[in-house]
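> when you get a sec, could you give me coordinates for this:
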Amino acid sequence: MSTFPTTRLAGVTPAHLGWLAGSWLGHNGPDPVEEHWSEPGGNTLVGMFRWVKDGKVFFYELGAMEQDGDGVVYRIKHFDPGLLGWEERNQSHEFVLVHLEGQEAAFLELGKPNPRWAVYRREGPDRLVSYFASENEPVTDTGLFEYVRQ
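Model (predicted):
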């Protein structure tokens, strides 16, 4: 597990993350997963995630990478099938952009005692890897997502 900074990265906009845009299909273990990211617009990128387990939706996520002052914040909301939300109405998981180098971005979770990084890394034109991990802890199988551009 790489260690990333823990302070907000300044002087960036969601447009700097435009390399995420597109449709990405992959797997988490044997389960199919997919992410779709919009092109930057209105100082945001908007994404959708779906995880299928045993032929049925396991859960969905809706995410937005938004301008926040002179940095970027990534907000995620989770949903069970039927769009039953996990988080309270005005709550989301929030991560701030702390690292951006080439086509690798790391966001640090806010408001948690053992915060995680959400990491996205583009490996060539058609491969995207993302994972969630805490400092000094290995990336678990359930936290690693590998995608191919569609």
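
> so residue 88 sits in a strand?
No. Going by DSSP: H, G, I helix; E, B strand; the rest coil, the assignment for residue 88 is coil, not a strand.

> is the closest residue to residue 105 other than its chain neighbours bridged to anything, and to what?
Sequence neighbours aside, residue 120 is the residue nearest to residue 105 in space, at 5.1 Å (criterion: C-beta to C-beta, 6 or more residues apart in numbering). Every C-beta, even on glycine, is put in place using the N, C-alpha and C of the backbone. Beta-bridge pairing for residue 120 (DSSP bridges): residue 105, residue 130.

> check contacts around the closest residue to residue 144 other than its chain neighbours.
Once flanking residues are discounted, residue 144 sits nearest to residue 131: 4.7 Å by C-beta to C-beta, 6+ apart. Residue 131 makes contact with 118-119, 139, 143-145 under the criterion C-beta atoms under 8 Å, 6 or more residues apart in numbering.

> let's see it at 7 Å
Neighbouring residues of residue 131 by C-beta atoms under 7 Å, 6 or more residues apart in numbering: 119, 139, 143-145.
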